[in-house]
Each structure stands twice: as C-alpha cells, then as structure tokens.
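**Q** Quick one, structure for this:
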Amino acid sequence: MKWHKTILSMIQQRQDKKVALAVDTSTNEAPSILINNIVKLFEQVKPDTILVQADFKIRSTTPIKSDTIKYHTHGKSSYTLVLEWAKEENVDTLFYITDVTGFISEEIENVSYEMIWLVPGAILPRVPFGKAIKVA
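**A** Numbering: from 1, shown residues only. All right, here's what the predicted structure looks like:
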C-alpha cells in the first residue's frame, strides 16, 4: 500500500496550505471503507482540511469528518462546480476522490491550484490535468 505513504507525505508537506478534499458522492458503488479511511487520514493529519461532498452539484462544504459522507445512487457527476469553488476559495491544493468519469466544462482546461485525483479501483484513467494516484 505504497499510496498510503504517498498521500500521508503529501498532506504533511501542505500543513501551511489551504487544502480541500472533495468526495464524489454520485454512486454508492465506491469503496466506502477506503474512502472513509482516506478522509480519516486527512482528519487526523490536517484537521483544517475542508471536506466537499459533491455529485452533479456541491452537497456540502464542511470541516473534515469521516463519518459524514452521504452517497447518492444516480451516478451523475460533474467536477465543474467543485473546481470553480476551489478557485473562488483560494484553495492551494484540491484532492478529489473519484473514478474520473464525471463531466468537466470545456471552459476548464486547467486550474490555478494543485490538483490531485485520488482514484479508487483497479484502473487509473487519464486525468484532464493535475496528478492522479491510484488508491486501491
């Protein structure tokens, strides 16, 4: 589980930065135990992380807490609002737990902050920008 150390190191290196962790809640097929463990890691190592729960819209932006994730079953996901929110909030680093099958507006070709996609599953798809890390 090399990705654990990688993410831990990335969080530790960003202690003085504004960090957000977005969770794609568009499906309940995601490995919820894995996702909760990642959220717990952020909660313990960087408790000022902002937790964003989103599918086709932002459902909530709250202080990080691992037992608050609520999944939906419609399967529709758009990253556009979260990416725009991160820019407006002057986030330095956005971590996004998702399978990377959601929609991104064609107007967004890149972002001005650091973008790290945390992808659960056996396959690591190509991401539109930023860095992808397989977490499975």
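
**Q** isn't residue 43 right up against residue 69?
**A** No. The pair residue 43 / residue 69 is not scored as a contact, 11.7 Å apart, by Cβ atoms under 8 Å. From N, CA and C alone the C-beta is placed, and that goes for glycine too.

**Q** Contacts only, for residue 4.
**A** Shown in contact with residue 4 (Cβ atoms under 8 Å, 6 or more residues apart in numbering): residue 41.

**Q** quick one: contacts for the residue nearest to residue 109 when sequence neighbours are not counted?
**A** Ranked by Cβ to Cβ, 6 or more residues apart in numbering and with sequence neighbours excluded, the top spatial neighbour of residue 109 is residue 129, at 7.3 Å. Neighbouring residues of residue 129 by Cβ under 8 Å, 6+ apart: 109-111, 115.

**Q** what about the residue nearest the centre of the chain, helix or strand, and which?
**A** Centroid check for the chain by Cα atoms, centre = their mean gives residue 96 as the closest residue, at 1.7 Å. Using DSSP states H and E, residue 96 maps to strand 93-97.

**Q** And for residue 53?
**A** strand 50-54.

**Q** Can you list the neighbours in contact with that strand?
**A** Strand 50-54 has contacts (Cβ under 8 Å, 6+ apart) with 18-25, 39, 42, 58-65, 68-70, 77-79, 81-82, 85, 89, 91.

**Q** Please, a ChimeraX command that selects the buried ones among those residues?
**A** Command for ChimeraX that selects the buried part of the contacts of strand 50-54, burial taken from 16 or more other Cβ atoms under 10 Å:
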select :18,19,20,21,22,23,24,25,39,42,64,69,77,78,79,82,85,91
